[in-house]
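In: how would this look folded up:
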Amino acid sequence: MGFDITLATAGDAEEIATILGEVEEYYGGERIAPPATDVAAALFSDWPAARVLLARDGDQVVGLASVSRLWPAAGADVSLYLKELYVRAGHRRRGVARQLMDAVHAEARAAGCRRVEWTADRDNPPALQLYAALGVEPHQGKVFYRSTV
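Out: Numbering: from 1, shown residues only. Below is the predicted model:
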């Protein structure tokens, strides 16, 4: 079954906010959606933080992929960083994530990127299984850090 993958627009901010609340709950937090105005400011301002690809089954949004360009990657190359890949409950294991990953790679090629990079939580077996099924091996050369500002 094919899903329509489209680039999100400002009119999708409310739906994206709702999905971000679902993502937070999926990772063990409270299901609290950020204000749609914050989503719109992050995605559709003069300096957007990311682009979002939405998977739709008819009129229903069933998944999303959030990507940002990274520079410099190797030398002066540009990479596309996949920050979030999420498929709503009830739509998982139907090919949505695989189709979103294909769209992410197409977006990277269109943007002149040489590679796509992402992280995955070690305690998220479905994600790890998906990436293995896609034939992608974990990169052992990086250590992930996070600090607050």
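
In: for the host helix or strand of residue 6, give me every contacting residue.
Out: Per DSSP states H and E: residue 6 is located in strand 4-7. Identification of contacts with strand 4-7 by Cβ atoms under 8 Å, 6 or more residues apart in numbering yields 51, 52, 53, 54, 55, 56, 57, 99, 100, 103. For the C-beta atoms, the positions are set from N, CA and C on the backbone; glycine is no exception.

In: my read: residue 101 touches residue 85, true?
Out: Yes - Residue 101 is within contact range of residue 85, at 7.0 Å (criterion: Cβ atoms under 8 Å).

In: intersection of neighbour lists for these two?
Out: residue 65.

In: before we move on, the earlier item: show me how far the strand holding residue 6 is from its chain's centre.
Out: 13 Å (Cα atoms, centre = their mean, to the nearest Å).

In: list the buried residues in that strand.
Out: Buried residues in strand 4-7, counted by 16 or more other Cβ atoms under 10 Å: residue 5.

In: and that strand, what's its mean pLDDT?
Out: Mean pLDDT, strand 4-7: 97.

In: could you dump it to CSV, C-alpha only?
Out: What follows is strand 4-7 as a C-alpha-only set of coordinates in CSV (Å, rounded to 0.1, in the frame of the first residue of the first chain):
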residue,chain,number,x,y,z
ASP,A,4,1.3,10.1,0.0
ILE,A,5,4.5,11.7,1.3
THR,A,6,4.3,15.5,1.3
LEU,A,7,6.3,18.3,2.6
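
In: ok, then the element right after it?
Out: Taking DSSP H and E, what comes next after strand 4-7 is helix 13-26.
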